[in-house]
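Participant: Structure for the following, please:
(2 chains)
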There are 2 protein chains.
Amino acid sequence: MTLTFVGLGLWDEKDITLRGIEAVRNADVVYAEFYTSRLSTSVERLERVLGKEIRVLERKHLEEESRRLVEEAKEKNIVVLVAGDPMIATTHSSIMVEAKARGVEVEIVHNASIVSAIAGVTGLHIYRFGKIATVSYPYGNVVSRTPLDVIKQNLSINAHTLLLLDLNPEPMTIGYAVELLERVDDGTLDHFAVGVARVGGDSVTICDKFYRLKHHDFGDPLHSIVFLAKTIHITEYEFLREFANAPEELYEIVE
Amino acid sequence: MTLTFVGLGLWDEKDITLRGIEAVRNADVVYAEFYTSRLSTSVERLERVLGKEIRVLERKHLEEESRRLVEEAKEKNIVVLVAGDPMIATTHSSIMVEAKARGVEVEIVHNASIVSAIAGVTGLHIYRFGKIATVSYPYGNVVSRTPLDVIKQNLSINAHTLLLLDLNPEPMTIGYAVELLERVDDGTLDHFAVGVARVGGDSVTICDKFYRLKHHDFGDPLHSIVFLAKTIHITEYEFLREFANAPEELYEIVE
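Facilitator: A predicted model of the protein is given here:
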């Protein structure tokens, strides 16, 4: 029997692939987990499109009970539905290692992820992106400096930085993320960035100085930010001007 | 009317999404282009699944005749099918700018791309990847040093490098890419890498020293390579050992 991770893509129940639907049809039990990424649809709408009951996994089910999932996949065809591309979360690759060790076959049905879609939405060249960082909620009162460090590393090789925003306990907004990072800033953040909301749906894209992003209304989640490289290509500039309301001063960093 | 770019995902005609099928059903004319990325299926099989005639665009159609496509989209609903995620190719974002300037609405139906799927196939953490580079065929006798420069930049921030291999005039093999880069090497390439073939299909993943990848048989295209960061995480090591036949000496670079 098989443990299959099926990506649901970026937006709603229409983003599943024919391959994903086939996997669900062949499944004995269908789970879904929405803490590593989220969709703008409901479990009920997914059940209607897929014609199967879906059991929603809590965080502990995947992390603590991954052994149980793998054991269950010895006897049954198990599908786990995940928003985006299922293998972006390292939790899932750990389960694959566990499954392999126990002789359970694992399959992946890939789908769109913010990691690749961000290039299309911002017009930024995919090969100019550096490392990705996540902006997390403060732990106690401590704001993690990691995103700032990653931005600096990427600036050192003139690369853009995709900043993913924490989803738990609730999806973080661009405004909140900007305020958090300003608390650990050392002058690095006085530069341009692009805020994006609802990629794959009714997306909004706004380019401005990083600290000014908090004054724009991006609407509902999910939100992400791209902190721009030191310089940008002329075609990146043209796209941001047409589609992201970029200020004229952005032209100063065209290489 | 609308110009819609529809991603076809990584492997064959089953990787289109329900949203993509809906866009095709609403289209007056359906084009496809396969020079920026390719699928392991035929136009005939795609036509059968989609129930529409497909006209294949040559390179010049998109680059030189993008104006004609945009003009046609003023009168008709046009769909352009593209393997992978349609917006990874910068050609397509240029057409979006052109369309916006001429008052034509553009939509994107995202799909899986090697850029995000590579993490699932290799078990490497997505946030540890740096810039992407393409290994191109020699121009005359000159081998581009760009991929080597990008690898060095990424090593300087301890990041993995995804190397995409040129598709034109024919998809480049891992063995050929290794031999090309060895011709410009200055000692940088004596390190570990992961070769992957046919991601999203019957994929093969092998981890070894970079120069030894040319001795492995990866079978049919498409091929890609990930040049590893200076150090890797223990869970990355475990995945590569289980799924990519990594040599024991890889343990030396676990941080």
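Participant: show me what contacts the residue nearest the centre of chain A?
Facilitator: Centroid-nearest residue in chain A, with CA atoms, centre = their mean: A:Ile114, separated by 4.7 Å. For A:Ile114, the contact set (CB atoms under 8 Å, 6 or more residues apart in numbering or on different chains) comprises A:10, A:37, A:84, A:162, A:164, A:199, A:222, A:224. Heads up, the C-betas are built off the backbone N, CA and C, glycines and all.
Participant: likewise A:Phe129?
Facilitator: By CB under 8 Å, 6+ apart, A:Phe129 lies in contact with A:118-119, A:159-162, A:226, B:131-132.
Participant: can you give me phi and psi for it?
Facilitator: Dihedral pair for A:Phe129: phi -80, psi 140, per degrees, to the nearest 10.
Participant: for A:Leu250, same thing?
Facilitator: Dihedral angles (degrees, to the nearest 10) for A:Leu250: phi -60, psi -30.
Participant: is it true that it touches A:Cys207?
Facilitator: Yes: counting by CB atoms under 8 Å, A:Leu250 does reach A:Cys207; the two are 6.5 Å apart.
Participant: and A:His110, what does it touch?
Facilitator: A:7, A:85-87, B:9-10, B:15, B:112, B:116-117, B:120, B:199-200.
Participant: Can you classify the closest residue to it other than its chain neighbours by secondary structure?
Facilitator: Closest residue to A:His110 in three dimensions, ignoring its sequence neighbours and counting by CB to CB, 6 or more residues apart in numbering or on different chains: B:Ala112, at 3.8 Å. Here B:Ala112 is recorded as coil under DSSP: H, G, I helix; E, B strand; the rest coil.
Participant: can you check A:Leu163 too?
Facilitator: strand.
Participant: ok, now which ones touch it?
Facilitator: Residues in contact with A:Leu163, defined by CB under 8 Å, 6+ apart, are A:132-135, A:147, A:151, A:177, A:224-227.
Participant: which residues does it bridge with?
Facilitator: Applying DSSP bridges to A:Leu163 yields these beta-bridge partners: A:Ala133, A:Ile225.
Participant: would you list the contacts of A:His110 in CSV and tack on distance to B:Asn168?
Facilitator: CSV is the format used below for the contacts of A:His110 (distance: CB to CB, whole Å):
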residue, distance to B:Asn168
A:Gly7, 29
A:Asp85, 27
A:Pro86, 31
A:Met87, 29
B:Gly9, 21
B:Leu10, 19
B:Asp15, 22
B:Ala112, 22
B:Ser116, 23
B:Ala117, 22
B:Gly120, 27
B:Val199, 19
B:Gly200, 21
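Participant: Can you show me the helices along chain A?
Facilitator: A:18-25, A:43-50, A:59-63, A:66-75, A:90-101, A:114-122, A:146-156, A:174-182, A:234-243 (DSSP state H).
Participant: Just name the most buried of the ones you listed.
Facilitator: helix A:114-122 (a mean of 26; mean count of other CB atoms under 10 Å in any protein chain shown).
Participant: Determine the angle, from 0 to 180 degrees, between that one and helix B:90-101.
Facilitator: Calculated by axes from the mean of the first three to the mean of the last three CA atoms, to 10 degrees, helix A:114-122 forms an angle of 40 degrees with helix B:90-101.
Participant: Just want the angle from helix A:114-122 to helix A:234-243.
Facilitator: Going by the same axes, to 10 degrees, helix A:114-122 makes 70 degrees with helix A:234-243.
Participant: quick revisit: what is the nearest of the contacts of A:Leu163 to B:Glu58?
Facilitator: Ranked by distance to B:Glu58 (CB to CB), those are led by A:Val226 at 32.8 Å.
Participant: hmm, back to that, where does confidence bottom out across the contacts of A:Ile114?
Facilitator: Minimum pLDDT for these is recorded at A:Ser37 (79).
Participant: what's that one in contact with, if anything?
Facilitator: Counting by CB under 8 Å, 6+ apart, A:Ser37 touches A:82-84, A:88-89, A:114, A:167.
Participant: thought A:Ser156 was touching B:Ile157?
Facilitator: Yes: taking contacts as CB under 8 Å, A:Ser156 lies within contact range of B:Ile157: 6.6 Å.
Participant: circling back: now do the shared contacts for A:Leu250 and A:Cys207.
Facilitator: In contact with both A:Leu250 and A:Cys207: A:192, A:240, using CB under 8 Å, 6+ apart.
Participant: Tell me the residues of the stretch 151-255 of chain A that contact chain B?
Facilitator: Neighbours of chain B within the stretch 151-255 of chain A, by CB under 8 Å from any CB of the partner chain: A:153-154, A:156-157, A:159, A:199-200, A:235, A:238-239, A:242-243.
Participant: Going by distance to B:Leu213, which of the residues you listed wins?
Facilitator: A:Ile157 (24.5 Å).
Participant: from what I can see the closest one touches A:Gly130, true?
Facilitator: Yes: counting by CB under 8 Å, A:Ile157 does reach A:Gly130; the two are 6.2 Å apart.
Participant: Just the pLDDT for A:Leu39.
Facilitator: Each residue has a pLDDT score; the one for A:Leu39 is 84.
Participant: Restrict stretch A:85-103 to CA atoms and write it as PDB.
Facilitator: Provided in PDB are the C-alpha atoms of stretch A:85-103 (Å, rounded to 0.1, in the frame of the first residue of the first chain):
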ATOM      1  CA  ASP A  85       3.500  21.800  -2.800                       C
ATOM      2  CA  PRO A  86       3.400  19.100  -0.100                       C
ATOM      3  CA  MET A  87       7.200  18.700   0.200                       C
ATOM      4  CA  ILE A  88       8.000  22.300   1.100                       C
ATOM      5  CA  ALA A  89       7.500  21.400   4.700                       C
ATOM      6  CA  THR A  90      10.500  19.500   6.200                       C
ATOM      7  CA  THR A  91       8.000  17.600   8.400                       C
ATOM      8  CA  HIS A  92       6.800  15.700   5.400                       C
ATOM      9  CA  SER A  93      10.300  14.700   4.200                       C
ATOM     10  CA  SER A  94      10.900  13.300   7.700                       C
ATOM     11  CA  ILE A  95       7.800  11.100   7.300                       C
ATOM     12  CA  MET A  96       9.100   9.900   3.900                       C
ATOM     13  CA  VAL A  97      12.400   8.700   5.600                       C
ATOM     14  CA  GLU A  98      10.300   7.000   8.300                       C
ATOM     15  CA  ALA A  99       8.100   5.300   5.700                       C
ATOM     16  CA  LYS A 100      11.100   4.100   3.600                       C
ATOM     17  CA  ALA A 101      12.700   2.600   6.800                       C
ATOM     18  CA  ARG A 102       9.500   0.700   7.400                       C
ATOM     19  CA  GLY A 103       9.000  -0.500   3.900                       C
END
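Participant: List the contacts of it.
Facilitator: So stretch A:85-103 is contacted by A:3, A:5-7, A:36-37, A:62-63, A:66-67, A:69-71, A:73-74, A:80, A:82, A:105-106, A:108-113, A:115, B:112, B:116-117, B:119-121, B:123, B:125-126, B:235, B:238-239, B:242-243 (CB under 8 Å, 6+ apart).
Participant: can you do 7 Å?
Facilitator: Residues outside stretch A:85-103 that contact it (CB atoms under 7 Å, 6 or more residues apart in numbering or on different chains): A:3, A:5-7, A:36, A:62-63, A:66-67, A:69-70, A:73, A:106, A:108, A:110-113, A:115, B:112, B:116-117, B:119-120, B:123, B:125-126, B:235, B:238-239, B:242-243.
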